[in-house]
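Asker: With the input below, show me the fold.
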Amino acid sequence: MPRLRSDFWVSAHLRRLGVEGIAAVQRRRGSPEAGAIFVKVDRLDGTADLFGPAPQSLIDEDSAGERLFVALMAAASPVDVEDRIAKEVRFDGDLWIVEIDDRDGRHRLDLAE
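Answerer: Prediction:
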């Protein structure tokens, strides 16, 4: 099963978060069809989390059409998270960045196990 386009996924995810009362914005627009998506969660307490696409090795046949994420950084300094995002942008200029502000760290991402 093909994956949902990145632009559709980001739009739908932002809408889902908004319905649940979770503040989120699209910070960077990447390739509409297949740009990688990174999600920063600012916990508003001086820490932040960063999630990125799960490696193919963690995706099984049952979830091949889904977008799965892994935690790249947890409870890190927002400055460190921004440094990592800058490195990712230099590596892949077509990526998307979604930023969530939530004290509880809610992101509603499907995480790879």
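Asker: Identify the residues contacting the residue nearest to D101 when sequence neighbours are not counted.
Answerer: Sequence neighbours aside, A23 is the residue nearest to D101 in space, at 4.5 Å (criterion: C-beta to C-beta, 6 or more residues apart in numbering). Where C-beta positions appear, they are placed from N, C-alpha and C, glycine not excepted. By C-beta atoms under 8 Å, 6 or more residues apart in numbering, A23 lies in contact with 17, 100-102.
Asker: Repeat that for Q26.
Answerer: When contacts are counted by C-beta under 8 Å, 6+ apart, Q26 touches 10, 14, 96-98.
Asker: Same list (these) but as a markdown table, adding neighbour count, secondary structure and distance to R108.
Answerer: Shown next, in a markdown table, are the contacts of Q26 (neighbours: other C-beta atoms under 10 Å; DSSP: H, G, I helix; E, B strand; the rest coil; distance: C-beta to C-beta, whole Å):
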| residue | neighbour count | secondary structure | distance to R108 |
| --- | --- | --- | --- |
| V10 | 23 | helix | 13 |
| L14 | 16 | helix | 11 |
| W96 | 20 | strand | 16 |
| I97 | 21 | strand | 16 |
| V98 | 22 | strand | 11 |
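Asker: strand partners of the helix or strand hosting V39, parallel vs antiparallel please.
Answerer: Per DSSP states H and E, V39 falls inside strand 37-42. Strand 37-42 has its sheet partners listed here by DSSP bridges as strand 48-53 (antiparallel), strand 96-101 (parallel).
Asker: Just the CA trace of that strand, in CSV.
Answerer: Written as CSV, here are the backbone C-alpha positions of strand 37-42 (Å, rounded to 0.1, in the frame of the first residue of the first chain):
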residue,chain,number,x,y,z
ILE,A,37,8.8,14.7,8.3
PHE,A,38,10.4,15.7,11.6
VAL,A,39,8.3,16.7,14.7
LYS,A,40,9.6,18.8,17.5
VAL,A,41,7.7,18.7,20.8
ASP,A,42,8.4,21.7,23.0
